[in-house]
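Engineer: Sequence and predicted structure below; questions after.
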Amino acid sequence: MTCKIISIKELRPLLNDLKLIREKSPLVHNITNYVVMNNTANGLLALGASPVMAHAPEEVEEMVAIASALVINMGTLSKHWVEAMLKAGKKAKERGIPVIFDPVGAGATSYRSQTATIIINECKPDIIRGNGSEIMSLAKSNIATKGVDSTANSESALEMGKDLAQKTGAVISISGQEDFITDGKNVNTVKFGSPMMPKVTGLGCTASAITGAFAAVNKNLLEAATNAMTIMGFAGEIAAKKSDGPGSLQINFLDTIFNFHKLI
């Protein structure tokens with residue numbers, strides 16, 4: 001193993017969830033953006049889950065009715081996509097399946113910020129995963145993002161993330177150099193990863209999709225979100241060590257996720 005040495009005991013919850021994902025192959029319904037659809041689908045397949053990308057308002061309620069988790073990613077926004085997100089989110093809540101929300105670019109424009117607020121209020125996501133700026137923007141701290149990139153580190157967003165968790169009832173997963181996952185009281189920290197990972201578009205969106213897969217098999221959502229960020233960071237760190245750049249990292253990351261059980 002080429003990553004930091006950690007014990008099997010520390011990874012046991014993750015490995016238990018991974019085993020369930022590969023046994024059950026949960027269907028994860030993604031309403032996500034054009035940029036990352038291929039990356040996200042391949043990440044879920046490598047993990048052992050079953051991805052579906054469906055965003056037409058005419059079918060999302062039927063699709064989410066057969067899914068085990070819903071991931072709403074607002075990277076690509078338009079009136080019809082927002083309509084689909086709200087329809088799917090409400091149906092998922094009716095069915096009692098976990099809703100994961102990725103507020104991509106929240107704070108960059110008023111439309112994004114307003115849409116994020118509507119999704120949170122109407123869909124009541126179980127897990128919200130974003131970078132530091134996005135989480136701080138949701139917490140109404142007047143923090144602006146640089147497009148979809150963060151202008152704030154994850155640690156600076158932690159206290160606001162805890163407040164957001166208490167306000168919304170959602171588990172908040174804050175990605176960055178260190179990842180912080182909180183339910184408003186408890187905080188888990190994930191310190192794996194590589195500086196090369198932000199050079200690959202869509203890895204954050206992949207983290208949200210993978211969070212959906214873990215939430216589909218583990219009702220302890222704080223643990224599920226932590227396991228998702230752990231496998232993302234751990235696999236990214238291992239993959240980066242054998243990659244010459246972002247291009248090879250994408251391939252090595254998928255292979256590492258696929259072979260993760262062999263690395264422990």
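Structural biologist: Alright, I've got the coordinates.
Engineer: the strands in this protein, which residues?
Structural biologist: In the chain, strands defined by DSSP state E lie at 27-31, 50-53, 69-73, 99-102, 127-131, 171-175, 179-182, 187-190, listed in chain order.
Engineer: In a markdown table: the ones you listed, plus mean pLDDT and mean neighbour count.
Structural biologist: (Each C-beta comes from the backbone N, C-alpha and C, glycine too.) Supplementary listing: those in a markdown table, determined by pLDDT from 0 to 100; neighbours: other Cβ atoms under 10 Å:
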| stretch | mean pLDDT | mean neighbour count |
| --- | --- | --- |
| strand 27-31 | 98 | 26 |
| strand 50-53 | 98 | 19 |
| strand 69-73 | 98 | 29 |
| strand 99-102 | 98 | 30 |
| strand 127-131 | 96 | 30 |
| strand 171-175 | 96 | 30 |
| strand 179-182 | 95 | 25 |
| strand 187-190 | 94 | 18 |
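Engineer: With distance to Gly247 as added columns, please give the ones you listed in CSV.
Structural biologist: Rendered in CSV, the data for the strands of the chain read as follows (distance: least, Cβ to Cβ, whole Å):
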stretch, distance to Gly247
strand 27-31, 24
strand 50-53, 22
strand 69-73, 23
strand 99-102, 24
strand 127-131, 23
strand 171-175, 22
strand 179-182, 24
strand 187-190, 25
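Engineer: just how off-centre is stretch 216-224 within its chain?
Structural biologist: The offset between the C-alpha centroid of stretch 216-224 and the centroid of the whole chain comes to 13 Å, using Cα atoms, centre = their mean, to the nearest Å.
Engineer: So which bits of it are buried?
Structural biologist: Using 16 or more other Cβ atoms under 10 Å as the test for burial, stretch 216-224 gives 216-218, 221-224.
Engineer: now do stretch 39-51
Structural biologist: For stretch 39-51, the buried set under the neighbour-count rule, 16+ other Cβ under 10 Å, comprises 39-44, 46-51.
Engineer: Let me know the closest of those residues to Arg112.
Structural biologist: For the buried residues of stretch 39-51, the closest approach to Arg112 (Cβ to Cβ) belongs to Thr40, at 19.4 Å.
Engineer: how far away is the residue nearest to the closest one when sequence neighbours are not counted from Pro51?
Structural biologist: For Thr40, the nearest residue in space outside its immediate sequence neighbours is Ala209; the separation is 4.6 Å by Cβ to Cβ, 6 or more residues apart in numbering. As defined by Cβ to Cβ, to the nearest Å, Ala209 lies at a distance of 7 Å from Pro51.
Engineer: for Gly169, same thing?
Structural biologist: Separation of Gly169 from Pro51 (Cβ to Cβ): 27 Å.
Engineer: who touches the nearest residue to Thr211 once chain neighbours are set aside in this structure?
Structural biologist: In space, Thr211 comes closest to Ala228 once its chain neighbours are excluded; the distance is 4.0 Å by Cβ to Cβ, 6+ apart. With contacts defined as Cβ atoms under 8 Å, 6 or more residues apart in numbering, the neighbours of Ala228 are 173, 207, 210-211, 213-215.
Engineer: go on, Ser68?
Structural biologist: With contacts defined as Cβ under 8 Å, 6+ apart, the neighbours of Ser68 are 24, 26-28, 97, 216-217.
Engineer: can you do 7 Å?
Structural biologist: Applying Cβ atoms under 7 Å, 6 or more residues apart in numbering to Ser68 gives the contacts 26-28, 97, 216.
Engineer: ok, of these, which one's closest to Phe253?
Structural biologist: Minimum distance to Phe253 across these is 17.9 Å, recorded for Val28 (Cβ to Cβ).
Engineer: ok, the closest one touching Leu47?
Structural biologist: No. Under the contact definition of Cβ atoms under 7 Å, Val28 does not touch Leu47, with a separation of 9.3 Å.
Engineer: what do the two both touch?
Structural biologist: With contacts defined as Cβ under 7 Å, 6+ apart, the residues shared by Val28 and Leu47 are Ala213.
Engineer: quick revisit: any common contacting residues for Ala209 and Pro51?
Structural biologist: 28, 30, 40, 44.
Engineer: Ile120: how many residues sit nearby?
Structural biologist: Counted with other Cβ atoms under 10 Å, the neighbours of Ile120 add up to 20.
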